[in-house]
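Build me a model from this:
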Amino acid sequence: GIFTGSFQVPTNFCHSGSDTIVTVTGTDIEVNYQDFRNSSGESIEVGDGASINANTGSVAFDRTVYPVPYGSVSGTQFLEHATAGTADLDQGDVVVHVRVTDADYNVSAQGEDSITDANVTIKIERGSASTTLAIWGNTTAYAANGIVEVSPDSGVFEADVTVDFNDGPTTDCPSAFTAGCILQGDIITVEYADNNDASGKAQTVTDSATFDLRNGVLQSDKSVYLIGSDMILTLIEPDFDLDNDGAQSVPLNLIEWDSDAATTTLNGNESGGDSTANAAAFDPEPSELRETGDSTGIFQVVIEIPETLSSDKLDRGEKIDLEYTDWGPAGADYVGQEDEDIGLTVYTSNFGATIELDQKVYTWTDKVYITIVAPDHNMDSGLVDEIGESTTDPIKVSSRGNELNNYKLVESGADTGIFIGEVT
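Now for the predicted structure:
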């Protein structure tokens, strides 16, 4: 016994008193129902009413600080580490997301709406100089397309704009730029011209954010590693967080490995020629430095501490210097103007080993139980390792008359570093 209906409220209506077209904002709407037979058998009219009001809109960027975009021409590039050569990263364009919240344009409860009669304007400013980057929402302005609702009945509208290194004002641009430029400290602003706020009048609302450069940080999960074990390498670099709506990746050639065994990058690129063997030795997972999530600015990779690099074996206790060159440090005006080396030092383990027998004196029929504590040979924490059979770490068991060479001992359990065996 419940009946529903729907209709669309128009933007304007013809006022019967003045015979003119006026806005519906600020008026009342009434609905009446003529019940010709109520519970008493009488005819009665019932009704309800509501006011038609506008809402004050708002506009906002997806963040308050954006990285400075970097280019693909000399002097504006983000270069890989010098050990890898002179290659640079792909041009780093920044994606800016703008959201307008205005329930006045949520006119289709189940459909996707758009704003096509109010301007959303983005500008980049440096002092008194400014340049218009984009305008949406007014078909008579720069962009004929409207700004689109993110989901039905949300009243939230989003537009995206890509900002490259030349999109800023031309005033005070360094010689590395051939047109406009974006420098550290520049301000990006957005204006939303709301045709009807809560009082029914036109109003402009704004938001702003800055472009900034920040220093990178290189970290590892430990300072001493067993040869063959995994290292979690972390690069904290907000300058690579180019899009707030997705995880980014950067190449391993940004980081240099320097030890007595070899000087190379984590991708095996070297000034004397690329080394596929060195690249494979690190066994990186994933194959690039991958951002840990949307807009974290934290990039990680898991590499293996290799046994051999450039045909040279790593020594126990060998010093390893890892280095990342930041081409956009906090003190620079733009990427490529200055660079700063960020270093990290780790070591391969050199814990040594101890050997124990279960007795001091044996008869000729006794079993000899051997225990070797050797943490450096606990290569895989998830497996039971073995030692003694290789020529690099042999175990020799001998008596006055006989000897056993390359005798194998087995780890007592996963990740113990204790190896046991017996000789009769």
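
Local confidence estimate at the closest residue to Val24 other than its chain neighbours?
Closest residue to Val24 apart from its sequence neighbours, by CB to CB, 6 or more residues apart in numbering: Ile52 at 5.0 Å. C-betas here are computed from N, CA, C, even on glycine. Ile52 is assigned a pLDDT of 81 by the prediction.

correct me, but Ile52 touches Ile29?
Yes: between Ile52 and Ile29 there is a contact at 5.8 Å, judged by CB atoms under 8 Å.

Residues that sit against both of those two, list them.
Val9 (CB atoms under 8 Å, 6 or more residues apart in numbering).

Low-confidence ranges, this protein, go.
109, 139-145, 271-274 (pLDDT under 70).

Now tell me what touches stretch 98-113 from outside.
Defining contact as CB under 8 Å, 6+ apart, one finds that stretch 98-113 is touched by 8, 54-55, 57-62, 114-115, 120, 122, 147-161, 190, 192, 194, 196.

Buried residues, it. List them.
98-102, 104-106, 113 (16 or more other CB atoms under 10 Å).

for stretch 295-302, same thing?
295, 297-301.

what's the closest of the residues you listed to Asn138?
Closest approach between these and Asn138, by CB to CB: Ser295, at 30.4 Å.

correct me, but that closest one touches Gln248?
No: with contact defined as CB under 8 Å, Ser295 does not reach Gln248; the gap is 9.3 Å.

which residues are common contacts for these two?
Here Ser295 and Gln248 have Asp241 as joint contacts, going by CB under 8 Å, 6+ apart.

on that earlier part again, how many other residues sit next to the residue nearest to Val24?
Counted with other CB atoms under 10 Å, residues neighbouring Ile52 total 13.

Give the full set of residues in contact with it.
9, 24-29.

Quickly name whichever of those residues is closest to Pro394.
Of those, the one sitting nearest to Pro394 (CB to CB) turns out to be Val9, at 89.2 Å.

The closest one reaches Thr23, doesn't it?
No: using CB under 8 Å as the test, Val9 is too far from Thr23 to be in contact (11.1 Å).

These two: which is more packed in?
Applying other CB under 10 Å to Val9 and Thr23 shows that Thr23 carries more neighbours, namely 16 against 11.

before we move on, the earlier item: just send the buried residues of stretch 295-302 back as JSON lines, with secondary structure and distance to Gly352 too.
Shown next, in JSON lines, are the buried residues of stretch 295-302 (DSSP: H, G, I helix; E, B strand; the rest coil; distance: CB to CB, whole Å):
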{"residue": "Ser295", "secondary structure": "coil", "distance to Gly352": "46"}
{"residue": "Gly297", "secondary structure": "coil", "distance to Gly352": "41"}
{"residue": "Ile298", "secondary structure": "strand", "distance to Gly352": "36"}
{"residue": "Phe299", "secondary structure": "strand", "distance to Gly352": "36"}
{"residue": "Gln300", "secondary structure": "strand", "distance to Gly352": "32"}
{"residue": "Val301", "secondary structure": "strand", "distance to Gly352": "30"}
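
Thank you kindly, that will do.
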